[in-house]
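Peer 1: what shape does this take:
(one chain, ligands or ions: 1)
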Amino acid sequence: MANESVGVLFKLYCLIVMTLIAATYAVALRYTRTVTSDLYFSTTAVFIVEVIKMLLSLVMLLWETGGLGRCKTALVNHIFKSPKEVLKLSVPSVVYAIQNNMAYLALSNLDAAVFQVTYQLKIPCTALCMVLMLNRSLSRLQWFSVFMLCGGVALVQWTPPESTKVQVEQNPFLGFVAIAIAVLCSGFAGVYFEKVLKSSDTSLWLRNIQMYLSGILVTLIGVFVTDRANVLEKGFFFGYTPWVCVVIFLASVGGLYTSVVVKYTDNIMKGFSAAAAIVLSTVASVILFGLQMTVSFISGALLVCVSIYLYGLPKQDTSNVQRADTDSTKEKLIAV
Ligand code: NCC
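Peer 2: Residues are numbered from 1 along each chain as shown. Here you go, the predicted model:
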């Protein structure tokens, strides 16, 4: 399978790039949602991201197939002649659209620290989805490390609520509901996409195109349902500052890297990588904005590191134990 032939260095490169993008994205998104006076419509941003991801995936497919003719054939076979597959991929697409909109809603209504702390519940939620939907088994130590990671990231994120300056009105209850929905959506959509992707040899870029097709449609409906009057009055690109464009760019490229990471590793690795992103973005804030290193940050960062180490441990141990078991079984059989 492709997964085995892809070098460790390439996987590491994808994880690092995804991590760096996610770290920058979190800081930039929060900035654009809280300090701008002419607030842009988040539904339009989510829509533009889907369009850009679709265009980039088409370019990648063209590069992968190595010619316009072959690219066209692949598109005809996998899109126009496979409505069932497109429909299958519309499930994570709708769920991601909800998640992305909920993340904007939550970030607009919750304190940054509270948002980041509660959002970490998506790590155990994803692990649970992997167990239920992909029949993956996690050892007790791995479950422990998943929760330790969740707690570690929460600690890293923690800052006293009054230290954040917000210029817009917030509704914490709405924020919590939005975050709960986003957590469930993130776990389910990620694992669903992984299951579909790994159950056939269909190219990642074709799978992405199948998914972004309905993504574009759903997010466009989102613009009409939520912001139609505002968009008609103020314009589609109202409030788009250079920072908003940066957020859109990061979300698009980050989304594509996320898909590559899921293809070559899995959703739990993505979770650990995203956690590393949070530690990195906090370190960046300390360096760039002169934030103080708190005791909770240092202890949280330590927990994150230990959990990453612990999560990697049992795989080798289990396989050794399994190998030892198999060897002893073989010996017993030979003896019989
Ligand atoms: O929440 P999370 O990911 O699970 O969201 C996954 C993002 O990737 C996009 N995606 C997924 C599969 C695919 N084939 N194509 C895609 O474009 C989805 O649309 C969705 O936006 C994480 O695990 O914490 C992670 O977090 C996001 C992001 O920081 C949060 O969702 C905050 O809103 C990261 N995305 C980016 O940095 C752009 C992701 O890398 C990791």
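Peer 1: measure Gly287 to Met293 for me?
Peer 2: Just to correct that, residue 287 is Ile rather than Gly. 10 Å (CB to CB, to the nearest Å). Quick note: C-beta positions are derived from backbone N, CA and C, even for glycine.
Peer 1: ditto for Ile221
Peer 2: On the measure of CB to CB, Ile221 and Met293 end up 45 Å apart.
Peer 1: the more surrounded of those two?
Peer 2: The neighbour count for Ile221 versus Met293, taken as other CB atoms under 10 Å, is higher for Ile221 (14 against 11).
Peer 1: need phi/psi at the more buried one.
Peer 2: phi -60, psi -40 (degrees, to the nearest 10).
Peer 1: what residues are up against it?
Peer 2: For Ile221, the contact set (CB atoms under 8 Å, 6 or more residues apart in numbering) is empty.
Peer 1: show me the helices in the stretch 101-250 of the chain, by range?
Peer 2: 112-119, 122-134, 140-157, 172-198, 204-234, 242-264 (DSSP state H, counting those that start in this stretch).
Peer 1: can you name the residues of the stretch 1-150 of the chain that neighbour the ligand?
Peer 2: Where the stretch 1-150 of the chain comes near the ligand, counting by CB under 6 Å from any ligand atom, the residues are Met18, Ile21, Ala22, Tyr25, Ala26, Lys53, Tyr96, Asn100, Ala103.
Peer 1: returning to what we had before: I'd like the helices of the stretch 101-250 of the chain laid out as TSV, including mean pLDDT.
Peer 2: Formatted as TSV, the helices of the stretch 101-250 of the chain follow (pLDDT from 0 to 100):
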stretch	mean pLDDT
helix 112-119	75
helix 122-134	92
helix 140-157	87
helix 172-198	94
helix 204-234	95
helix 242-264	95
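Peer 1: those: which one's closest to Trp63?
Peer 2: Trp63 lies closest, by CB to CB, to one member of the helices of the stretch 101-250 of the chain: helix 204-234, at 8.7 Å.
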